[in-house]
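[1] Kindly return the folded structure for what I paste below:
(chains A, B and C)
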Amino acid sequence: MTLPGGVHAETYQQDRALVRTRWQWLWFAGLVAVLLLLPFLGFGSAVGIATVIGITLIAVLGLQLTTGCAGQINMGQSAFMGVGAYAAGTLATNLHWSFLLTIPIAGISAAVFGAVFGLAALRIKGFYLALTTIAAQYIFTFAMLKLPKEWFGQSEGLRLEPAALGSFTFDTDNRIYYLVLAVAALMTYGAWSLMRTRTGRAFIAVRDNDNAAEVIGINVFYYKTLAFFAGAFYAGVAGALWAYYVRYVQADQFTLWLSVWYLGMLIVGGMGSILGAIIGTVVIRLLQELITVVGPLVADVLPTLGGQFVFAAMNMLLGGMIIVFVIFEPRGLVHRWNIIKESYRIWPFPH
Amino acid sequence: MLLELTNVEVVYSDVILVLKGVNLSVETGQIVALLGANGAGKTTTLKAISGLLRTEDGRVTGGSIQFQGVPIHAEAPQNLVKRGLVQVVEGRRILPHMTVEQNLLVGSKVLKGRAQRRQMLDKVYGYFPKLVSMRARVSGYLSGGEQQMLVIGRALMAGPRLVLLDEPSLGLAPMIVTEIFELVARLRQHEGIAFLVVEQNANVALSVADHGYVMENGRIVLYGTGSELRENEDIKEFYLGMSISGHGKSFKDVKHYKRRKRWLG
Amino acid sequence: MTSLLSYIANGALTGLLYALVAISFVIIYRSARVFNFAQGEVVIVGAFLVWTFMSAFDLPVWVSVPLAVLANILLGVLIERLILRPLVGQELFAFVMVTIGLLIFIRGVVLVAWGPEVRFFPAVLPLAAVKVGPLVFDRALVIGGVVTLAVAAVTSWFFNRTQLGLEMTAVAEDHQTALSLGISVTRSIAVAWGISGLLSTVAAIIFLNGKGMTFLASDIGFAALPVALLAGLESIGGVVLGGLIIGIAVGLAAYFLDPIFQGGVAAVFPFVIMVIILLIRPTGLFGWKTIERI
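    Below is the predicted model:
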């Protein structure tokens, strides 16, 4: 029931539903319509941007599960993504398997790789774990550049044919967009559901106090490993989609910096919630696009800034945003949004 | 008047009102007990006095706190230590990786020069003979009682006029608790140090206190000298576990709740 | 045989250089309990400043270096005041993310200010090689090794024996307790950042002496991580030992494994060591073991 004091549920189902009021249904339907009709709305590059956002979102959702929900700091998400990309790439190019197989397998290979680091999480906590995942990045890059050329292409990378379903190939921007949209929607629903199950609650318990969680009977080892497994699975799927979108896989695409960008998106969006991951990804990616457009204009006006200005400006933007958010709004935009909603509901009372 | 709080209001995170007008005072060389159940606001009161609120997003939004006649609610904690006001935070917060002697030396920041520090160190060792034999031991491995003594000793190293003690009996065996409170009484007697002690163990606190306050829900609800409070029927019922007859409660009395709290809280 | 010895000896010296950067990590960690991911960037800023003063403004060495050091110290103090001070009392993750944000931000600023081109770093230290028997050493590295040992000795004495050092250690243990004892947490942190700014500039000079440099040289910060970890983040003496161990291990690994993998081993091997250390003994050889009372 929508009352002036807030939205109150009358049954359990209502309480747990994703969309609870009529207004929310309208907004939701509107969003779905926009997403489905995006290619036809006439915004040139919007489809490309949306595809990239979709792929990033999947990777960031995975990171949200590992770091935001289960509290295991993971700075190697981009390496996990790389594992997925290479897995899909090599299976598609060398064995010519269909994307229907390569994408899940890419997810699982990344998940296994991630789970190995999850094993380390049992002994190593917090910031030391972050360092281990940084090591994962460097080791990944080294491995990919040194393993046999026939497998992974070493420094030349792999080139892929477009994903194909029988004779229908995903070779245009619009087609790959819909593929990414479908997978992203599925994965988002999966993550959201996961957090509502026993596993999700166990993650939160482990995040809040793993000693206490162990004491009340939660198998901390299992859930920490699972957190990495799930997060890396998402990264792997994102990597595979990336491989099919860009059609070129090379180790240098998956750097430590990319992992840090993903963490930045979580901080800006808000840790611990699915909505936070979505908001963070969209906001930061859009800002990136903005800089890509505005940057060259600024560089034209002030030529002394040099050709790398766009890249540098993005760094300054992301770094600055992380710092500002950690200091002023450590719980991210989601928290800010919740406060706005609350204060609107109880206005004119301050609390 | 060494310490005087007048109508102090404290707010956390801009929205949670924790202290709703607290009045309390401590004279030089007095031991004052601040009693109350969990969540009453006792630790917040201490932190408001010693300036540690800001690390927890709290602020003094009303009233005044005066130490030796000077308002201090806007002072940084480090300046207060220089003036002679030290808080011993609850929970025996030793510096676990440093030795006992190093812990004590850290407390002597306000003293100048090696000689002064050594002098103070010897004095503190005089009050805590147990710590002497453990001076080189890493303090994280000490027992609870020894850690509590270390923490009090560390506060003494600053040569304070007023020590704010937060729940010294927490988690300690009764014999150790008695020892600690005897020590507090001795320090007051020999050094003239005043103590504001927050305690849940009303019995032992009232045995050494000159006077005491009872706090509930952010307000002071009762005040009296130590002996007055010990005899007060309400205190006996609600904090000392004794029924009207003066002895421990029997289950028969529990069902018939004869006494109601007469103060508003 | 000589070439094996040469790998080992040079490895040891390089390890000592990483130890110098690692000491900066440890000083900040020992004083503020902040792990400064941005340390590599601070090193690079120092280097670029020296380059700017010497090449662009044509100032002599003995003016440029102190100026750059001063500027770096100022940078450290600014960081402390604007960014770290508001975070006093927060949990560890906030600090980690803030230094990572700082890392990215400074990298962007360096790129904007100095661009991506390769610059030639002036030879502040003599370039002539030092010959000891059949082994040849880069003179700058040797000087660096000596400097590292001296710095380690001084800082170790400082933290364990002086009052100020004890107070800074107290800040690392527990901000609130330190505050309640009258220690200025913010001042401790500022001092720590200042000292590490100084050490970073020195390390930069030794590392880049006479070589080309770009903004990517900041990776030395990450390369010094395994050294800091092996030692345990609170132990300065351990850092020197850690540097030697890792330097020699990397030298050996490069000697034996480079032919198999066609190079590149020296860059990744420290990280392999780091993972092994973290698995066996996360607090490092000499770090503070977690004392947990349950």
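
[2] and the helix ranked longest in chain C, how far out from the chain's middle?
    Assignment by DSSP state H gives helix C:2-32 as the longest helix of chain C. What separates the centre of helix C:2-32 from the centre of its chain is 9 Å, taken as C-alpha atoms, centre = their mean, to the nearest Å.

[3] so does it get close to chain B?
    No: residues of helix C:2-32 are not located near chain B by C-beta under 8 Å from any C-beta of the partner chain, the shortest gap being 10.6 Å. For glycine as for every other residue, the C-beta is placed from the backbone atoms N, C-alpha and C.

[4] That helix and chain A, any residue contact?
    No: residues of helix C:2-32 are not located near chain A by C-beta under 8 Å from any C-beta, the shortest gap being 10.0 Å.

[5] pLDDT on that helix, on average?
    When pLDDT is averaged over helix C:2-32, the result is 82.

[6] Quick check: buried residues in that helix?
    When burial is assessed from 16 or more other C-beta atoms under 10 Å in any protein chain shown, helix C:2-32 yields the following buried residues: C:6-32.

[7] immediately after it, which helix or strand?
    Using DSSP states H and E, the helix or strand that follows helix C:2-32 in sequence is helix C:39-51.

[8] elements contacting that following helix?
    Helices and strands in packing contact with helix C:39-51 are listed as helix C:2-32, helix C:61-79, helix C:92-114, helix C:185-208, strand C:212-213, helix C:220-231; criterion 3 or more C-beta pairs under 8 Å, 6 or more residues apart in numbering or on different chains; DSSP states H and E.

[9] residues contacting residue C:69?
    C:46, C:197-198, C:201-202 (C-beta atoms under 8 Å, 6 or more residues apart in numbering or on different chains).

[10] biggest separation within those, which pair?
    Using C-beta to C-beta, the contacts of residue C:69 span at most 10.0 Å, a distance reached by C:197 and C:202.

[11] In terms of neighbours, single out the busier of these two.
    Neighbour count, other C-beta atoms under 10 Å in any protein chain shown: between residue C:197 and residue C:202, residue C:197 has more, with 27 against 23.

[12] Isn't that one up against residue C:78?
    No: the pair formed by residue C:197 and residue C:78 falls short of the contact definition of C-beta atoms under 8 Å, at 10.1 Å.

[13] What residues does chain B have near chain C?
    By C-beta under 8 Å from any C-beta, the part of chain B that sits against chain C consists of B:50-52, B:55-56, B:76-78, B:80-82, B:86-89, B:93-98, B:102, B:105-110, B:117, B:138, B:140-141, B:154-155, B:158.

[14] Single out the residue in chain C that lies closest to chain B.
    When scored by C-beta to the nearest C-beta, chain C has residue C:182 as its residue closest to chain B, at 3.0 Å.

[15] Among the residues of chain B next to chain C, which lie within strands?
    B:86-88 (DSSP state E).

[16] Now the residue in the stretch 151-265 of chain B that chain C sits nearest to, what are its backbone angles?
    Among all residues of the stretch 151-265 of chain B, residue B:158 sits closest to chain C, at 6.4 Å; criterion: C-beta to the nearest C-beta. In terms of degrees, to the nearest 10, the main-chain angles of residue B:158 are phi -90, psi 0.

[17] mind listing what it touches?
    Under the criterion of C-beta under 8 Å, 6+ apart, the contact partners of residue B:158 comprise B:81, B:84, B:86, B:107-111, C:181-182.

[18] And it, how close does it get to chain A?
    In this structure, residue B:158 and chain A are separated by 32 Å, where distance is defined by C-beta to the nearest C-beta, to the nearest Å.

[19] and the stretch 1-150 of chain B, which residues reach chain A?
    By the rule C-beta under 8 Å from any C-beta, the part of the stretch 1-150 of chain B lying against chain A is residue B:15.

[20] How about the contacts made by the closest residue to chain C within the stretch 1-150 of chain B?
    Among the residues of the stretch 1-150 of chain B, residue B:81 lies nearest to chain C; the distance is 3.0 Å by C-beta to the nearest C-beta. With contact set as C-beta under 8 Å, 6+ apart, residue B:81 has these partners: B:109-110, B:158, B:160, C:180-182.

[21] And it, how far from residue C:85?
    Plainly put, residue B:81 is 20 Å away from residue C:85 if you go by C-beta to C-beta, to the nearest Å.

[22] just residue A:126 next, same as before
    22 Å.

[23] count of residues packed around the nearest residue to residue B:96 once chain neighbours are set aside?
    Once its chain neighbours are removed from consideration, residue B:96 has its nearest residue in residue B:140; the separation is 3.3 Å (C-beta to C-beta, 6 or more residues apart in numbering or on different chains). Applying the criterion other C-beta under 10 Å, we find 19 residues in the vicinity of residue B:140.

[24] Likewise for residue C:102?
    Counted by other C-beta under 10 Å, the residues lying close to residue C:102 total 23.

[25] cool, residue C:146 as well?
    Under the neighbour criterion other C-beta under 10 Å, residue C:146 is assigned a count of 11.

[26] so residue A:316 makes contact with residue C:108?
    Yes: taking C-beta under 8 Å as the contact criterion, residue A:316 and residue C:108 are neighbours in contact, 3.4 Å apart.

[27] more crowded one of these two?
    A direct count of neighbours by other C-beta under 10 Å for residue A:316 and residue C:108 places residue C:108 higher, at 24 against 20.
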